[in-house]
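A.B. asks: how does the following fold in three dimensions:
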Amino acid sequence: MPIERDVPGIVDVAAKADVSVSTVSRVLSGRTRVSDRLRSKVEAAVQELGYRPNAAAQSLVRGRSSTIAVFARNTIRYGYAATLQGIEEAARAAGYVIMIAVVESGDPAELARAVDGTLSQTLAGAIVIEFDEVGVKTLAAMPTSLPVVAAAGARRPRGTTPHAFLDDYAGGYEATRYLLSLGHETVHHLAIPATRPRSGRAWGWRKALQDAGAAVPALVQADYSPTSGYDTARGLLEAPGLTALLCGNDELAIGAARAFQEGGRRIPDDISIVGFDDQPFARMWNPSLTTVQQDFVDLGRRTFGLLEQWLASGERAQDSAVTPSLVVRESSASPLRTVSANR
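C.D. replies: Numbering: from 1, shown residues only. Model prediction:
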């Protein structure tokens, strides 16, 4: 008969390391300095015993709640889900528990129900995924008495809430400059919804065209879905001079590619298409999709890091921003010919 073993606790770690329970607590919390020798003994005992502190124990060590609320409009779309993954991984490693609150709309009554219901819990802090207008309204509804940080796209002037950014302005600028460098006379843009008059990537697209002295076509507004990309791209089939298209996300790019292919346009011979985000399917599409790679998992980790720093120091953290990178694949190339005004 197998021997049942109890889950190791902090007392077992202290006994194994031959130190006091308070010393183990100081090492695990990281809030009080201990000698390297004691830290090494405790960490070795933790590893050997397989000790994992639970949320309740961590709350006792910290003297406060170990629960973090994360507010998001959507938990299914790629950027939201990957950001949540990064937040949860970082929080779990630090001994915190994540509570996810979905805010379905910016309706004042719905917003109040979601925010008030979540904030009625005992929380250490909160994170808002500010990718859309609902996220903006949710952040504005947060109380000043609670440490709150946010994850967002385009950088903006520093405010009272620490932000972790993906600098999609820089990504839009780089993608547009790349297409112009291939010889395209201009670049059209199929845009996602934005929290401001234009998304960061749309501002980057426009600025790159202006800096190059290229014509700035009218921005074409879509939503996030492949269907929207398909439907809006069908209206561009006869657009004069269209040889390059920057899409606000990869899903729009895939939908647009389908519409152009059905309309007899070859990719990239007749039109180059560039996406945004580098979702897992982007490299598997035919032709594989050139796109702006954004690391949403890292964004989630950085966002939690800002909150953890605030909780540890009692002071608001500085903003954190990372510039996306362009991944060149098969859907972009130099134009083989100029598309006539009648095409």
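
A.B. asks: drop to CA atoms for contacts and neighbour counts, all remaining ones
C.D. replies: Fine.

A.B. asks: how about the helix or strand hosting Trp310 as CSV, C-alpha atoms only?
C.D. replies: In this structure, Trp310 sits in helix 296-313 according to DSSP states H and E. Extracted in CSV, the C-alpha atoms of helix 296-313 (Å, rounded to 0.1, in the frame of the first residue of the first chain):
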residue,chain,number,x,y,z
PHE,A,296,1.0,40.1,-25.5
VAL,A,297,2.2,37.5,-23.0
ASP,A,298,5.1,39.7,-22.1
LEU,A,299,2.8,42.6,-21.9
GLY,A,300,0.8,40.8,-19.3
ARG,A,301,3.9,39.9,-17.3
ARG,A,302,5.1,43.5,-17.5
THR,A,303,1.7,44.8,-16.4
PHE,A,304,1.6,42.6,-13.4
GLY,A,305,5.2,43.6,-12.6
LEU,A,306,4.1,47.2,-12.4
LEU,A,307,1.4,46.3,-9.9
GLU,A,308,3.8,44.1,-7.9
GLN,A,309,6.3,46.9,-7.7
TRP,A,310,3.7,49.3,-6.5
LEU,A,311,2.5,46.8,-3.8
ALA,A,312,6.0,46.2,-2.6
SER,A,313,7.2,49.8,-2.5
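
A.B. asks: counting contacts, what elements does that helix pack onto?
C.D. replies: helix 78-93, strand 125-129, strand 148-152, strand 163-166 (3 or more CA pairs under 8 Å, 6 or more residues apart in numbering; DSSP states H and E).

A.B. asks: can you say which of these is nearest to Leu252?
C.D. replies: helix 78-93 (12.9 Å; CA to CA).

A.B. asks: hey, C-alpha coordinates of that closest one in PDB?
C.D. replies: Taking C-alpha atoms only, helix 78-93 is exported to PDB below (Å, rounded to 0.1, in the frame of the first residue of the first chain):
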ATOM      1  CA  TYR A  78      -6.000  36.700 -29.100                       C
ATOM      2  CA  GLY A  79      -4.500  39.900 -27.700                       C
ATOM      3  CA  TYR A  80      -6.800  39.800 -24.600                       C
ATOM      4  CA  ALA A  81      -6.300  36.100 -23.900                       C
ATOM      5  CA  ALA A  82      -2.500  36.200 -24.300                       C
ATOM      6  CA  THR A  83      -2.300  39.300 -22.100                       C
ATOM      7  CA  LEU A  84      -4.300  37.500 -19.500                       C
ATOM      8  CA  GLN A  85      -2.000  34.500 -19.800                       C
ATOM      9  CA  GLY A  86       1.000  36.600 -19.000                       C
ATOM     10  CA  ILE A  87      -0.700  38.300 -16.100                       C
ATOM     11  CA  GLU A  88      -1.800  35.000 -14.600                       C
ATOM     12  CA  GLU A  89       1.600  33.300 -15.000                       C
ATOM     13  CA  ALA A  90       3.400  36.200 -13.300                       C
ATOM     14  CA  ALA A  91       0.900  36.500 -10.600                       C
ATOM     15  CA  ARG A  92       1.000  32.800  -9.800                       C
ATOM     16  CA  ALA A  93       4.800  32.800  -9.600                       C
END
